[in-house]
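> Task: produce atomic coordinates for the following.
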Amino acid sequence: MAPEEIEGIFRALPLEVTYGDVNDRVRFFSESEIAGGFVRTKTILGRRIPFCHPPRLEKYVMTNVEALKKGQFKYGEFWTRLGDRMIRVLIAPVKNWEGKLLGTLEIVEDLTDVVNNPEEVKKKILVL
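The predicted structure follows:
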């Protein structure tokens, strides 16, 4: 695949991802054209993961990243408010086929509509 295609795929997703390598350095992040997550700039590339978060969250973030890397849980799920939006954040380990840890993935989804309109969402459910 061409880099242009990969970038287009990530922009088309209704979520945003950030990848930190095994040394906790941010190596990649995406920006969705569909659903915004957190504001990010290219200056986070190469920065240590905790320093991409507000100072009050640095210790919390790293405590969870370290627990994830040690295998204390398969993934972490956190919810927060961003203004009037409800944001779900998932963190997951990234491993190779042999199980070696390569890094950490953060997935950010704006689920405001799901939280605020559960009955409307239920109407959209298809039985396959």
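
> Distance of the residue most central in space within the chain relative to residue 81?
Geometric centre of the chain, nearest residue: residue 107, 1.8 Å, by CA atoms, centre = their mean. Distance, residue 107 to residue 81, by CB to CB, to the nearest Å: 18 Å. C-betas here are computed from N, CA, C, even on glycine.

> about what we covered before: not counting sequence-adjacent ones, nearest residue to the residue nearest to the centre of the chain?
Excluding the flanking residues, the one nearest residue 107 by CB to CB, 6 or more residues apart in numbering is residue 90, at 4.3 Å.

> got any ranges where this structure has weak pLDDT?
Scanning the chain for pLDDT under 70 picks out the ranges 36-37, 39, 41.

> What segments of it are helices?
3-12, 58-69, 112-116, 118-123 (DSSP state H).

> Adding mean neighbour count and distance to residue 30, write those helices out as a markdown table.
As requested, the helices of the chain are arranged in a markdown table below (neighbours: other CB atoms under 10 Å; distance: least, CB to CB, whole Å):
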| stretch | mean neighbour count | distance to residue 30 |
| --- | --- | --- |
| helix 3-12 | 11 | 4 |
| helix 58-69 | 15 | 19 |
| helix 112-116 | 14 | 19 |
| helix 118-123 | 9 | 24 |
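
> can I get these in TSV with distance to residue 28?
Formatted as TSV, these follow (distance: least, CB to CB, whole Å):
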stretch	distance to residue 28
helix 3-12	9
helix 58-69	16
helix 112-116	25
helix 118-123	30
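
> follow-up on the earlier one: right, and the residue nearest to the centre of the chain touches residue 14 too?
No: the pair residue 107 / residue 14 is not scored as a contact, 10.9 Å apart, by CB atoms under 8 Å.

> Once you drop chain neighbours, what's closest to residue 53?
Here the residue nearest residue 53, using CB to CB, 6+ apart, is residue 61, at 5.0 Å.

> Let me know the distance separating that neighbour from residue 18.
11 Å.

> And for residue 105?
7 Å.

> Between the two, point out the one with more neighbours.
A count of neighbours by other CB atoms under 10 Å puts residue 18 above the other of residue 105 and residue 18, at 22 against 17.
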